[in-house]
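>>> Prediction below, plus the sequence it came from.
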Amino acid sequence: MSGAQVGGRQGLASRALHSRLFWPIVTLLALFALNVIVSPSFLAIRVHDGHLFGSLIDILRNGAPTLLVALGMTVVIATRGIDLSVGAVVAIAGALACTIIADSPDPGSVATVVTAVAVALGFSLLLGAWNGLLVAALGIQPIIATLILMTAGRGIAMLITEGQIITVSSPAYKVIGGGYWLGLPASIIIAGGMFIVAALLTRRTALGLLIESVGINPAASRLAGVRSRSITWTVYVFSGLCAGVAGLMISSNVTAADANNAGLWIEMDAILAVVIGGTSLMGGRYSLTGTLVGAFIIQTLTTTVYTVGIAPEITLVFKALVVIAVCLLQSPAMRERMRRRARATTPATAKAVAS
Amino acid sequence: MTTTLPPVKAFSTRSRLARLIPSSRYTSVLVTLVLLVAMFAVGASRYRGFASGQVVMNLFIDNAFLIVLAVGMTFVILTGGIDLSVGAVVALSTMITATLLRDGWNPLAVIVVVLLATSTLGLLVGLVIHYFDIQPFIATLAAMFLARGLCYVISLDSISITDPFFVGLAQTRIPLADRLSITPTVIIAVAVVVIAFIVLHFTRTGRTVYAIGDGGASAHLMGLPVVRTKVLVYVISGFCSGVAGILFSLYTLSGYSLTAVGMELEAIAAVVIGGTLLTGGYGFVLGSLLGVLVLGSIQTIISFDGTLSSWWTKIVIGGLLLLFIILQRILTARRH
Amino acid sequence: MSETSPAPVVEMRDISISFPGVKALDSVSFRMFPGEVHSLMGENGAGKSTLIKALTGVYPIDSGTIMLAGEPLSVNGPAQAQDAGISTVYQEVNLLSNLSVAENIMLGREPRRFGLIDWAATRRRAAEVLAGLNLDIDPASPLSSHSLAVQQLVAIARAIDIRAKVLILDEPTSSLDADEVAELFRVIRRLKDDGVAILFVSHFLDQVYEIADRLTVLRNGALVGEYRTEEILRIELVHKMIGKDIELLERLETRSKSLDSTDSAGSAPYLTAHEIGRKGSIEPTSLTIQQGEVVGLAGLLGSGRTELARLLTGADRAETGTLTVAGSQRRFRSPRAALKRRIAYSSEDRKREGIVDDLTVRDNIVLALQSDRGWFRPIPKRRRDELATSYISALGIRPADPDALVRNLSGGNQQKVLLARWLAVAPRLLILDEPTRGIDVGAKAEIQRLVANLAEEGMSVVFISAELEEVLRLSHRIAVMRDRRKVADFVNEDVTVGEIMTLIASGSEDDTDAVATTVGAGA
């Protein structure tokens, strides 16, 4: 109804680039508005002990792991791929770091934590490289290739933790997911830092251009001499790294590694964040900013359900409805339909203008 | 005069490897069958009491719901699609079943309601995939969230089933020869497999499922009812999820929102291990049955062993997936 | 042939179809008579496929009428076309490689018993149809186990079994050998005797002259004319397909000679291909390209002109022969390897292998240069802008906006963006495959002028075009391709338009080989 009108006007008014962030931002603002109506203090940010507190800060902090995973997922999807294994990598990274810290004689020391983080991230890179090997070198479909690690990964994580939930008491480790730096939760700074790194890496170098080129038209890219194999490999390695950092963050926040439940469904949330952010699952043009917005939409949804007082049980129903709505609005078929309707309703005016 | 270039290396090693494997539509299924037999041989030689008929029967009894689920998934995957919602739909089915039975509904009416609800969900998913050109992955992911969410809406707690018909059915053992027995759920699961086999191999609809899976515009250009069939497979998958849900509630005699988490992965793994190509077009429903039995055997071996930890199940399944995916890659490389 | 000309079974009147930016068919009329083989002739982009797809309901028509057996035909897709009695075998074998031969023939029409498919009867009927084609294969065998030629015959078997009034065969012989073609023709003649109207599309002139009763020629989406095969000479037909008229071509020839003032004969060869070939694509062929020389590849569609270009540039891998570039022997495994040796290839398929449509003009222009440098050495922003703006103004790309998405540009401007992409890597050898197809006259002239200028500056160019006039105007030397091999190679001045036409048009096994040898010796 109103959607068709807006779609029509928008089709006339702005180019595709503008419209890509249009719906996600509208959705995010609508969710904010809903929260403010129900709980006027929603936007308030308090300073307590030099740390910032407030609903928005909570959303940012809780959304940080999803955002991280979604960053990696964005570039993977841009090359026409998908990475289903990120949840498993999250669990493995957390399990590895926590096990190393718990087994060390001095869990609180910075050296131990640094070692643990380095080993966990190194292994995450390796897992990313494994996915890249299957996709880029062996030519296995991404969804299938990453399904292997998705299935086996949690088993590997449990192998590392020997089936236990490993709890650690290491203040230094706790900082990653639960601490504060410069008045902000450290997780926000880490996620923000990774976002900036990813943006610089893809936009300040030619990586972004080549990724998009491979994603949009692999055949043309080949003739233009693009090394699509190494590009593909790179994005899966990056995705592994992002998932690894997210895994550290999640386990640090709860000071425990839970091989079964850490990062459960995070791959789904990440893919949704990417899709809601306007990056097509068909590959090609991607938007890291869109993914940022998408990740916050998902986190805000969860928060909204609490603030609005809807039973938390139906968060998922709510999520499903938003996902369906956003996907339908962004589907090419729907846009085509809207455009046609917009054209059909205004032929008289168009003709009048033309003549 | 003419110098001939040596053949390209990467390709030749692959084809040499491929030449060792007999090329047939049945190769992949045969490998699965050999694997299953080998697993049983290993189990029988290592564990006392493994080589009994009842162990085989239990494989069916414990995995009846997964068999049905894998059948539905086979239809979807044969067309080149995927259905991530099946685990959540199973949970939803158990919830609907348990709630309605608690409220005193007639058991048969409950079954009809569950099957109608899950088939309708499948229909909606299929229509969305077709008419809005949304990838099956995303559409069924949304359906997964929806179904899981509806579970929570119904109840967060586990609801036990005390209906005499259901309890009676769950406790029924049908004796076979030689002190072996099975449950009615096994008969249902086997019936579903048989029906699916007939539909896939002896009806035009079934053949169209394969035709769509070949990809490209061929099926359409050959004048086959592509759209109808493409939507239908999601209805079938929804229906099978409903049946699996009812079987699962018979197995556990309860409905629980958090049950069957990740069961879609098991179903997909069973289908792939059973020799169905994830890109569509190749595979057999009987292979999926074998795939489920392989998964079940891994669990049986681990429980017989006692020293192996449960997480090895997942690692072994992952390893098997890798094995079969690479096998399929080699087989498809030969076909082209 | 029946003396009393019966009513046409298919009558298409004033059919027009437009795609965004292109008029694919412009008021084309076409008719077919029962019991007649009708050949649709034309080069790439002439509108043959579009016309077929209009008839079979794949594309909706913008205007015009289609009558089938006197009734207005309104079909919405291949299924309905089949029901109406139009059966089609498409150019790419459109069958299901995962199913058996019998199923591919019978799918959707399998005999059933008690609602279930009767496989024995299905195989029996498939076997009967195959026997009619003298094809001795097991109906139960999987389609993918057979050669492309057999698959093509299976597709024809399916079309025959539908018992259509109209049978459309789109390039059915491109993968068949001589015996198989003979077999196919036997079947076509039998169907013809049964009163079926057959639309036969092929780029093999020999075959067309052997089997077709009537010809319709299309060029650039417009109707050139309908002729009876026995009343039109080959050379006339080729003129109608690719040339304007012979006087115009003779005039152009004078221009090309004046352009050919640089003496390229003395300079060193930049690239020498010796007997390079690839099975199923091109016979072993040799070609030498001098520095600063424009070599034109003349020939009809399917003659091997594109296939040769792909082997020279690593787009396809050569299976035989050697390639010498700037004095050293090379083997190109990928276009990237060729680009490293400064050889660029602009594909004939602009949409699929050329533009990256969702990227901007600027990004498309710098793409090849950037991938040559590697992703960690980005071209500085200022340099990118410079490249983009300089090529936009040098080539007259419209809109003159480096940030415009390439998908929104017209075909001609997309082609210029591609040229800019290749020029940006400063190639020593530029291979342009149909760079002027489907673009407007102005852009065409600009691209031709550019090619001439590039050669003058010392770049070697291989120029491939379906339009002979273009090849003649631009080339210093012309290689004529036919039947997947080079049949002649000569300096442009030494040959007349008529000779080239004869070479392109002539049959494969007759006196033209003699012509080829003499002309070749002259070069």
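Cool, the structure landed. Worth saying up front: this structure is predicted, and the values here are computed from it rather than measured.
>>> looking at it, C:Leu167 is touching C:Ala197, isn't it?
Yes: taking contact to mean C-beta atoms under 8 Å, the distance of 7.3 Å between C:Leu167 and C:Ala197 places them in contact. Every C-beta, even on glycine, is put in place using the N, C-alpha and C of the backbone.
>>> So if we follow the domain assignment, how does chain C break up?
Chain C breaks down by automatic domain parsing into domains covering C:10-242, C:246-342+C:428-522, C:351-426.
>>> end-to-end on the first one?
From the first residue to the last, domain C:10-242 extends over 27 Å; the measure is C-alpha to C-alpha, to the nearest Å.
>>> Need the pLDDT of residue 91.
Using chain A. What the model reports as pLDDT for A:Ala91 is 96.
>>> other chain: chain C
Confidence at C:Gln91, expressed as pLDDT, is 69.
>>> Distance of the residue of chain C positioned farthest from its centre relative to chain B?
Distance from the C-alpha centroid of chain C, by C-alpha atoms, centre = their mean, peaks at C:Phe114 (48.1 Å). According to C-beta to the nearest C-beta, to the nearest Å, C:Phe114 stands 10 Å off from chain B.
>>> Kindly report the same for A:Gly294.
A:Gly294 sits at a distance of 13 Å from chain B (criterion: C-beta to the nearest C-beta).
>>> sorry, back to before: dihedrals phi and psi, the residue farthest from the centre of chain C?
phi 50, psi 40 (degrees, to the nearest 10).
>>> Ok, C:Gly280 next?
Given degrees, to the nearest 10, the pair of backbone angles that C:Gly280 has is phi 80, psi 0.
>>> How is A:Thr146 assigned, secondary-structure-wise?
Recorded secondary structure, A:Thr146: helix (DSSP: H, G, I helix; E, B strand; the rest coil).
>>> can you list the weak-confidence ranges in the stretch 51-200 of chain C?
Per-residue confidence for the stretch 51-200 of chain C (pLDDT under 70) gives these ranges: C:91-93, C:175.
>>> Single out the residue in it that lies closest to chain A.
Of the residues in the stretch 51-200 of chain C, the one nearest chain A is C:Pro60, at a distance of 14.0 Å by C-beta to the nearest C-beta.
>>> residues touching that residue, list them.
For C:Pro60, the contacting residues are C:Ile17, taking C-beta atoms under 8 Å, 6 or more residues apart in numbering or on different chains as the criterion.
>>> Also C:Glu43?
With contact set as C-beta under 8 Å, 6+ apart, C:Glu43 has these partners: C:Arg219, C:Met241, C:Ile242, C:Leu300, C:Leu301, C:Ala466.
>>> try B:Val37
Neighbouring residues of B:Val37 by C-beta under 8 Å, 6+ apart: there are none.
>>> Helix or strand: which one has it?
Assigned by DSSP states H and E, B:Val37 belongs to helix B:27-46.
>>> quick check, distance from whichever helix or strand comes after that helix to the centre of its chain.
Downstream of helix B:27-46, the first helix or strand assigned by DSSP H and E is helix B:53-78. On the basis of C-alpha atoms, centre = their mean, to the nearest Å, helix B:53-78 is displaced by 7 Å from the centre of the chain it belongs to.
>>> quick one, helix B:53-78 and helix B:27-46 angle?
Between the axes of helix B:53-78 and helix B:27-46, defined by axes from the mean of the first three to the mean of the last three C-alpha atoms, to 10 degrees, the angle is 160 degrees.
>>> near chain A at all, the very next helix or strand once past helix B:53-78?
Counting by DSSP H and E, the next helix or strand C-terminal to helix B:53-78 is helix B:86-102. No: using C-beta under 8 Å from any C-beta of the partner chain, helix B:86-102 never reaches chain A; the gap is at least 8.8 Å.
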